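generate coordinates for the sequence data below:
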Amino acid sequence: MRRAIALSRASVETGGGPFGAVVVLDGRIVGEGSNRVVPDGDPTAHAEVVAIRDACRRLDTHVLEGAVVYTSCEPCPMCLAAIWWARVTEIVYANDRVAAADIGFDDQALYDEVARPLEARVLPLRRLAAEEAAEVFRAWEAKPDKVAY
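Residues are numbered from 1 along each chain as shown. Below you'll find the model as predicted:
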């Protein structure tokens, strides 16, 4: 956790947001990241996502089963989803979402949005070319050498 907090402090000093994260597997750090949203011009470059990408690159895998993410703040919904898809085993955090909201990083609208039925969402969703896209899904389903995730 101290490394995640140190990364968050370094991020603030270099123009990023106040967030840092590390991925730990078998007692060693295998990935680390700090918030790179502003420096990289990338809204997905949250500390947890950067750390997951780093760990997956280093380990040459997309699966982080058995790993723990230590993060300086409770993950936002996007980061939580990335952690979920990476199959991380546990999340340990320092600051919580209330403290993040107090300094201008309020994720409550996102939590509210994903809880709404599709037709009640603030950001409209519109379906298009469903049958054409379904053909690709059928091809994936029939692919004998697919790597499931």
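
and the pLDDT for the residue lying farthest from the centre of the chain?
Distance from the centre of the chain peaks at Glu131, with 30.3 Å (Cα atoms, centre = their mean). If you check Glu131, the pLDDT there is 96.

then Ala148?
81.

which ones are touching it?
Ala148 is in contact with no residue at all, counting by Cβ atoms under 8 Å, 6 or more residues apart in numbering. Every C-beta, even on glycine, is put in place using the N, C-alpha and C of the backbone.

and Ala55, by the same measure?
Contacts of Ala55 were listed using Cβ under 8 Å, 6+ apart, and they are 23, 25, 30-31, 64, 67, 86.

of these, closest to Arg121?
Nearest to Arg121, judged by Cβ to Cβ, of those is Ala86 at 25.8 Å.

now that closest one, nearest residue through space, not along the chain?
Spatially, and ignoring its direct neighbours in sequence, Ala86 is nearest to Leu64 (4.4 Å; Cβ to Cβ, 6 or more residues apart in numbering).

what about the one you found, distance to Asp26?
Using Cβ to Cβ, to the nearest Å, one gets 11 Å for the distance from Leu64 to Asp26.

between these two, which has more neighbouring residues?
Just comparing Leu64 and Asp26: by other Cβ atoms under 10 Å the higher neighbour count belongs to Leu64, 24 against 7.

three-state assignment of the more buried one?
Per DSSP: H, G, I helix; E, B strand; the rest coil, the secondary structure class of Leu64 is coil.
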